[in-house]
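In: Provide a 3D model corresponding to the input given below.
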Amino acid sequence: MSDSQHHIISDVVQDVRNISRDRDEVSVGSVVTNLGHVSQAGLMLLPALIAATPLSGIPGLTSVCGLMIAIIAGQMVFGRTKLWLPQWILRRHVDADNLREALDKSDGAIRFLDRHTHRRWPVFVRQPGRTVIKLVCLMCGLVMPFLELLPFTGSLMGGVVALLSISLLTKDGLFAILGLSLLAIAGGVIVYFL
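Out: Here you go, the predicted model:
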């Protein structure tokens with residue numbers, strides 16, 4: 001396992017931290033532009049992580065993250081190589097201090113993930129498993145805007161997509177299983193509240 005493979009998650013987060021440096025606000029467009037070298041799964045990981053943090057308490061942010069996830073996952077399902085996002089999403093922004101604080105709070109989890117992800121259980125992250133993961137991410141993203149009314153359920157879906165994105169990035173089937181397990185838990189929580 002190469003060092004760059006080993007630190008892929010923290011590298012993506014560090015790139016976002018660098019983008020937010022010396023700014024008052026960070027737009028989605030600036031992140032997408034500056035992370036052009038990152039795979040679509042890496043770009044999908046970012047809104048998922050944001051949705052899974054306390055930043056999801058900002059009204060409308062979970063909806064925007066969900067729509068970004070759905071658009072990215074949908075393009076992944078159809079094999080589109082060049083990412084497209086609508087201008088109204090690219091213009092959305094978040095306070096840079098809040099973003100850096102959320103990233104700082106997730107440092108321990110990110111380091112844990114970098115230490116414990118590696119290629120294993122490939123049956124879950126190669127075809128047709130990869131397509132199933134992308135479809136699940138698409139469905140989670142589409143549901144997230146509706147979950148803003150139920151406390152923490154959008155964050156659970158963000159966690160599901162984050163785990164599934166990590167499985168795609170690192171080719172780690174264990175994280176695919178963890179993501180699908182969290183989806184089952186989230187589904188139970190949603191049914192309970194409904």
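
In: which residues does Ala51 contact?
Out: By Cβ atoms under 8 Å, 6 or more residues apart in numbering, the contact list for Ala51 reads Leu61, Thr62, Cys65, Gly66, Ile69, Met144, Gly154, Ser155, Met157, Gly158, Val161. Heads up, the C-betas are built off the backbone N, CA and C, glycines and all.

In: nearest to Arg130 among those?
Out: Nearest to Arg130 among the contacts of Ala51: Val161, at 14.5 Å, using Cβ to Cβ.

In: what is the helix or strand hosting Leu163 packed up against?
Out: Taking DSSP states H and E as the criterion, the element that holds Leu163 is helix 153-170. Applying 3 or more Cβ pairs under 8 Å, 6 or more residues apart in numbering; DSSP states H and E, one finds that helix 153-170 contacts helix 8-20, helix 40-52, helix 61-77, helix 129-143, helix 173-193.

In: CSV for the contacts of Ala51, including neighbour count and pLDDT?
Out: Shown next, in CSV, are those (neighbours: other Cβ atoms under 10 Å; pLDDT from 0 to 100):
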residue, neighbour count, pLDDT
Leu61, 20, 80
Thr62, 26, 84
Cys65, 30, 89
Gly66, 26, 91
Ile69, 32, 93
Met144, 30, 88
Gly154, 27, 78
Ser155, 22, 83
Met157, 31, 88
Gly158, 28, 89
Val161, 33, 94
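
In: kindly indicate which of those lies nearest Thr117.
Out: Using Cβ to Cβ, the shortest approach to Thr117 within those belongs to Val161, at 15.9 Å.
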